[in-house]
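In: here's my sequence, what's the structure:
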Amino acid sequence: MTIKYTKNFLDKLENLFASSEYILRYEKGNFKSGYCILKENKIVIINKYYTLDGKINTLIDIIKEIGFSTKDFSDKKLQDLISELQQTKLKL
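Out: Predicted structure coming up:
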């Protein structure tokens, strides 16, 4: 899958979190990795000053780290997106 660094693609990734148990928030902070995952509370916080590219790359990393599964989502489009993201490797 080729990653499209557009607002529309960012919205798709944000919709994944909206459909999951996790809460996605953009806030300022001094995170060493640019984000923070509070697994007990199921909250993901991303540095709000990141660029569009940075937010997309970070969300993809988080999705892989959390380990979203296609069976966690009932929407077929979200299931397809998850399976494609699991096969995607970021080139930095």
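
In: hey, let's count contacts and neighbours off CA atoms from now on
Out: OK.

In: contact partners for residue 28?
Out: 46-49 (Cα atoms under 8 Å, 6 or more residues apart in numbering).

In: in TSV, list the residues you listed along with neighbour count, secondary structure and pLDDT.
Out: Converted to TSV, the contacts of residue 28 look like this (neighbours: other Cα atoms under 10 Å; DSSP: H, G, I helix; E, B strand; the rest coil; pLDDT from 0 to 100):
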residue	neighbour count	secondary structure	pLDDT
46	23	strand	92
47	20	strand	88
48	15	coil	88
49	13	coil	87
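
In: looking at those, which one is closest to residue 38?
Out: residue 46 (11.4 Å; Cα to Cα).

In: just the pLDDT at the closest residue to that closest one other than its chain neighbours, thanks.
Out: Distances taken as Cα to Cα, 6 or more residues apart in numbering place residue 35 nearest to residue 46, at 4.4 Å, with adjacent residues excluded. Residue 35 carries a pLDDT value of 81.

In: what's the answer for residue 92, then?
Out: Predicted confidence (pLDDT) for residue 92: 55.

In: could you measure residue 39 against residue 62, distance?
Out: The gap separating residue 39 from residue 62 is 11 Å, by Cα to Cα, to the nearest Å.

In: higher neighbour count, these two?
Out: Neighbours were counted for residue 39 and for residue 62 using other Cα atoms under 10 Å; residue 62 has more, 17 against 10.

In: does that one lie in a helix or a strand, and which?
Out: Assigned by DSSP states H and E, residue 62 belongs to helix 52-66.

In: what's the following helix or strand after that helix?
Out: Counting by DSSP H and E, the element after helix 52-66 in chain order, helix or strand, is helix 76-86.
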